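K.L.:
Got a predicted structure plus its sequence, pasted below:
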Amino acid sequence: MNQISKSQFKARALELFREVEMSGEPLIVTDRGAPVLEIRPYQAPDQDALAKVRAAILFFDNSLEPVGEDDWEALG
């Protein structure tokens, strides 16, 4: 991972933003040698949790009927 001090970052911020955007590599900003910030390209979250569940359901039959003990694999 690339590292740069705060003072160097301040002078070259726009150039460094473009570099991170083009390369996809994160940049660590340091203060007195200690890492304090990570600059990295934005990644949109995948899907919301409900959309993932909807995609996992193969079929949904008799939704109003109660679930019996025989229907639970964990009890077996």
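P.N.:
That came through fine.
K.L.:
Could you give the bridge partners of the spatially closest residue to E19 that is not a sequence neighbour?
P.N.:
Distance criterion C-beta to C-beta, 6 or more residues apart in numbering; nearest residue to E19, sequence neighbours excluded, is L27 at 7.5 Å. Where C-beta positions appear, they are placed from N, C-alpha and C, glycine not excepted. With DSSP bridges as the criterion, L27 is bridged to N2, I39.
K.L.:
Now do the contacts for L27.
P.N.:
Under the criterion of C-beta atoms under 8 Å, 6 or more residues apart in numbering, the contact partners of L27 comprise 1-4, 16, 19-20, 38-40.
K.L.:
Quick one, grab the pLDDT at the residue nearest the centre of the chain.
P.N.:
Averaging the C-alpha coordinates of the chain gives a centre point, and the residue nearest to it by C-alpha atoms, centre = their mean is P45 (5.7 Å). P45 is assigned 74 on the pLDDT scale.
K.L.:
Assign it to helix, strand or coil.
P.N.:
State at P45, reduced to three classes by DSSP: H, G, I helix; E, B strand; the rest coil: coil.
K.L.:
roughly how far apart are it and A11?
P.N.:
33 Å (C-beta to C-beta, to the nearest Å).
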